[in-house]
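Asks: predicted model and sequence follow; I will ask about them next.
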Amino acid sequence: MARNREVVILLLDVGPSMHGVLQEVKNICSTLVHKKLVYNRSDEVGIVLFGTKGTCNELAKELGGYKHVTVTRDIKVVDEGAAQALQNLPLGSAPGDFLDSIVVGLDMVMRKFGNTKGKRRLCLITSAQDLLRDPPEGTKEEQVDTIADMLKKHSIKLECIIFREPGVLRNAVMEENDRLLYQFRNRSVAKVVQVDSPTSLLGALKTRNVLPVTVFRGDLEVNSNFKIKVWVYKKTAEEKFPTLKKYSDKAPPSDKLASHEVKVDYEYKSVVEPDKIVPPDQRIKGYLYGPQVIPVSNAEWEAVKFKPEKGVKLLGFTDRSNVPRHHFMKDVCLFIPEPGNIKATLAVSAIARAMHQMNKAAIVRCVWRQGQGNVALGVLTPNISAVDNVQDSFYFNVLPFAEDIREFQFRSFSSLPSSSQPTEEQQEAADNLVKMLDLAPPGREVLKPEFTPNPMLERFYSYLDLKSKQPDANVPPLDRSLRRITEPDPNVVGQQTQLIQNLGKAFELKENPKKKKARGQDILAYTGAGDQAKSVEEPSVEKDRVLENTHPPTENVGAIRDSNPVHDFEAMLANRSSSTWVQKAIEDMQNYTAALLQKSHDGSNYQKALECFAALRKACIIEQEPQEFNEFLTKIYERLKEGDAAKFFQLLSSKNISLISKEEAPDSDVTEEMAKSFYLKREKASQ
């Protein structure tokens, strides 16, 4: 056998107790076949049914017994025939004996492969509710031990999936069957899983055999004199769609050896001489830097490239509360001590248990391989083993750098006027709604992560199989079992109908009318003039229409005009025709606002200047330019506070338009307290 070739024999219970979930059994087994057709086309699959009305297997013909066990497919390389056989599962009428089916499956492997080694797996799916027949000699427990010895001798793994719906009354037969199946597990030849819903059944069978590969083998450097030999494996990884390849139909149908591969070649031609092809040694990469293209040769690129040394270094320890769960990025890795290294095992165990007792986490710097271009900063959390023969280890999660974290500022309800704050009834209704959304209520978990398959992938493989048979087939409707994953659980929603109705009664629901944006592009939401502008008198609908007709949203505005300065300012920000355009828009708005105040007589321009200040302030927060606004406000206040414009600054203060604080923009060096007391301190200083 090939090194990575796997032999899988499906042992499927089709007796009366399994009739309700046979469709899910078909789905899970079909997915296994579909994935093997994509990833492992040399794998072999056999199918054995038990609980059937008839009997058809080699052991029954030669020795007798083994009734109601039918081999519907011998061990063969996976093909469309396997998928077709699974779609035609019969409804059995006899009780199913899973021990007989295991023996028949074991016999099939031994007949075909003898004593040769390889990857072999028996997958048993049953309800284990039927009484097993007594063996000709000895007890059932002794029979299980004999089968386990044979499985271990031939290196055959057994996967047992027991399906029982909630509410099924347990009896002596079920207790005995469970005990026998767990006896296989205790002999280290089987994995036993119990599920209680058709949805969980879909995710219970291991459909892809992914070999664990080390990401890193080397030293965990605690300090220069203390290093621990560790191996790092991926604990979890994202399951991605299979790679779609281009297929060429130009090869003649008679050529069975044609690869149908599509090769793409690129030719680079000079702009000056379009007919001349530029060879690779005369080409150089260019990088955009503003409007310019900067050439960087391979030699220069190699010279400036960061080349860290391979290794994992401990930077320090911190309280686990300082590392929030939502900062974890990418896949999870598992740090284990080097196999067979007793000193490394003791060192990892000692550190992990000390960290667990003190509730600490370790921050590490990781370079997985030599020549790696990037460095990973991550956190180690202890994984204390509860089993004697399993070592302690660490879980590793990648942490973000400062540039990877996005700070979103949201106003608190407490900052709103009392009329806009929720009542106790509304708060209680919202709290109850959130509690209702719990998918793991006490006593029962609705969707267990380890048994919930990815519905997108399941549907993709099913549709891929359909397209292979019917090239013009449309996408079929979502399967019943997958709908349970993607749609709200009717039982959960039905039980909480009253809470949903209470939420609707507690709040006054209004239709949110769609407003036309003031610009064509939707890069940033500059609608209105910010939260402060809400308190400014808004123009009427008729005035809006006049302004829209005067300045269409798609117009490229290059200057701020008197007719609608806020609209022009937002249009300039949305344009972004060059890297300096935002700075130009801010400077133009500052100059226009300062001119408005200087030309104002008896407050004639105060309302327009107020709207300009609000728009400028919000734009500086969004564009992360708080210093621009703070310096402008400080300078213009110092220059005009003693004149007629003093009343205008009182108006700004009443509308809470002050300096931009750190809470609003992280780049600001102004605290919230300084922003609130800005006008007050200036007045005291002038006195």
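Replies: Done, it's in. Since this is a predicted model, take the numbers as computed values, not measurements. Numbering: from 1, shown residues only.
Asks: report the contact partners of E267.
Replies: I277 (CB atoms under 8 Å, 6 or more residues apart in numbering). Any C-beta I mention is one placed from the backbone N, CA and C, and that applies to glycine too.
Asks: at 10 Å instead, please
Replies: With contact taken as CB atoms under 10 Å, 6 or more residues apart in numbering, E267 is in contact with 277-278.
Asks: tell me the secondary structure at it.
Replies: Three-state assignment for E267 (DSSP: H, G, I helix; E, B strand; the rest coil): coil.
Asks: need the pLDDT of it.
Replies: Here, the pLDDT recorded for E267 equals 88.
Asks: which element is the residue nearest the centre of the chain on?
Replies: The structure's the chain has its C-alpha centroid closest to E238; by CA atoms, centre = their mean the separation is 7.6 Å. Taking DSSP states H and E as the criterion, no element holds E238; it sits outside all helices and strands.
Asks: for V332, see how far away it is.
Replies: Computed as CB to CB, to the nearest Å, the E238 to V332 distance reads 11 Å.
Asks: just for the stretch 301-450 of the chain, where's the confidence low?
Replies: Counting by pLDDT under 70, the low-confidence segments of the stretch 301-450 of the chain come to 443.
Asks: thinking again about what came up before, so who does the residue nearest to the centre of the chain touch?
Replies: The contact partners of E238, taken as CB under 10 Å, 6+ apart, are 330-331, 454.
Asks: if we go to 8 Å?
Replies: Contact partners of E238, counting by CB under 8 Å, 6+ apart, are D331.
Asks: what do you get for the one 3 residues further on?
Replies: Neighbouring residues of F241 by CB under 8 Å, 6+ apart: 456-457, 460.
Asks: now, which of these sits nearest Y39?
Replies: Distances from the contacts of F241 to Y39 were compared by CB to CB; the smallest belongs to L457, at 12.0 Å.
Asks: list the buried ones in the strand or helix carrying that closest one?
Replies: Here L457 sits within helix 455-469, counting by DSSP H and E. For helix 455-469, a neighbour-count test (16 or more other CB atoms under 10 Å) marks 455, 457-462, 465 as buried.
Asks: so where's the stretch 1-150 of the chain uncertain?
Replies: Residues of the stretch 1-150 of the chain that meet the criterion pLDDT under 70 lie in 1-4.
Asks: could you pull out the helices for it?
Replies: Applying DSSP state H, counting those that start in this stretch to the stretch 1-150 of the chain gives helices spanning 22-39, 58-63, 80-87, 98-113, 140-153.
Asks: for those helices, which one sits closest to I47?
Replies: Between the helices of the stretch 1-150 of the chain, helix 80-87 lies closest to I47; by CB to CB that is 5.6 Å.
Asks: residues touching the closest residue to V230 other than its chain neighbours, list them.
Replies: Nearest non-adjacent residue to V230, counting by CB to CB, 6 or more residues apart in numbering: L220, 4.7 Å away. Shown in contact with L220 (CB under 8 Å, 6+ apart): 227-230, 312, 314, 335, 364.
Asks: return the member of the residues you listed nearest to V69.
Replies: Set against V69, the nearest of these by CB to CB is F335 (46.1 Å).
Asks: pretty sure the closest one sits in a helix.
Replies: No: F335 sits outside any helix when classified using three-state DSSP, being strand.
Asks: what residues are up against the nearest residue to S30 once chain neighbours are set aside?
Replies: Nearest in space to S30, with sequence neighbours left out and distances taken as CB to CB, 6+ apart, is L86 at 5.2 Å. For L86, the residues meeting the contact criterion (CB under 8 Å, 6+ apart) are 10, 26, 29-30, 33, 47.
Asks: which of the residues you listed ranks first by neighbour count?
Replies: Of all the contacts of L86, the most densely surrounded is L10 (27 neighbours; neighbours counted as other CB atoms under 10 Å).
Asks: so how far is R73 from it?
Replies: When distances are taken as CB to CB, L10 and R73 turn out to be 9 Å apart.
Asks: again, but for Q495
Replies: Q495 is 44 Å from R73, where distance means CB to CB.
Asks: tell me where the stretch 251-400 of the chain has helices.
Replies: With DSSP H, counting those that start in this stretch as the criterion, the stretch 251-400 of the chain has helices spanning 298-304, 342-358.
Asks: point out the most buried one among those.
Replies: Taking mean count of other CB atoms under 10 Å as the contact definition, the stretch among these with the greatest mean neighbour count is helix 342-358, which reaches a mean of 16.
Asks: which other helices and strands contact it?
Replies: strand 226-234, strand 329-337, strand 360-367, strand 376-383, strand 393-398 (3 or more CB pairs under 8 Å, 6 or more residues apart in numbering; DSSP states H and E).
Asks: go through the fourth one and flag the buried ones.
Replies: It stands for strand 376-383. Buried residues in strand 376-383, defined by neighbour count with 16+ other CB under 10 Å: 376, 378-383.
Asks: sheet partners, orientation included, of that strand?
Replies: Looking at strand 376-383 with DSSP bridges, its paired strands and their directions are strand 360-367 (antiparallel), strand 393-398 (antiparallel).
Asks: name the SS class of N474, please.
Replies: When the structure is split into helix, strand and coil by three-state DSSP, N474 lands in coil.
Asks: so what's the residue count around the closest residue to V293 other than its chain neighbours?
Replies: Residue nearest to V293 in three dimensions, not counting chain neighbours: G286, with 4.2 Å by CB to CB, 6+ apart. A total of 11 residues lie near G286 under the criterion other CB under 10 Å.
Asks: show the pLDDT at G286.
Replies: pLDDT, read off for G286, is 89.
Asks: do I have it right that it meets I294?
Replies: Yes: applying CB atoms under 8 Å as the test, G286 and I294 come out as touching, 6.4 Å apart.
Asks: which residues does Y287 contact?
Replies: Neighbouring residues of Y287 by CB under 8 Å, 6+ apart: 293-294, 296.
Asks: which of those residues fall in strands?
Replies: Judged by DSSP state E, those include 293-294, 296 as members of strands.
Asks: would you turn the buried residues of strand 376-383 into CSV with distance to M108?
Replies: Below are the buried residues of strand 376-383 laid out as CSV (distance: CB to CB, whole Å):
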residue, distance to M108
A376, 47
G378, 47
V379, 48
L380, 46
T381, 45
P382, 45
N383, 39
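Asks: can you give me the helices in the stretch 501-650 of the chain?
Replies: Taking DSSP H, counting those that start in this stretch as the criterion, the stretch 501-650 of the chain carries its helices at 541-550, 565-575, 581-599, 606-622, 626-640, 646-654.
Asks: Y182: which of the ones you listed is closest?
Replies: Among the helices of the stretch 501-650 of the chain, if distance is taken as CB to CB, the winner is helix 606-622, at 60.9 Å.
Asks: helices or strands next to that closest one in the packing?
Replies: For helix 606-622, the elements it packs on are helix 565-575, helix 581-599, helix 626-640, helix 646-654, judged by 3+ CB pairs under 8 Å, 6+ apart.
Asks: how about those, which one is nearest Y247?
Replies: helix 565-575 (43.6 Å).
Asks: mind giving me the packing neighbours of the closest one?
Replies: Packing partners of helix 565-575 (3+ CB pairs under 8 Å, 6+ apart): helix 581-599, helix 606-622.
Asks: so where is the stretch 151-300 of the chain shaky, pLDDT-wise?
Replies: By pLDDT under 70, the weakly predicted segments of the stretch 151-300 of the chain are 208-209.
Asks: residue ranges for the strands of it, please.
Replies: Counting by DSSP state E, counting those that start in this stretch, the stretch 151-300 of the chain forms strands over residues 156-163, 190-195, 214-223, 226-234, 285-289, 292-296, given from the N-terminal end onward.
Asks: what sits against D79?
Replies: So, once contact is read as CB under 8 Å, 6+ apart, D79 ends up touching L37.
Asks: distance check, it against D43.
Replies: Per CB to CB, D79 is found 11 Å from D43.
Asks: same check on M18?
Replies: Distance, M18 to D43, by CB to CB: 25 Å.
Asks: appreciated, that's everything.
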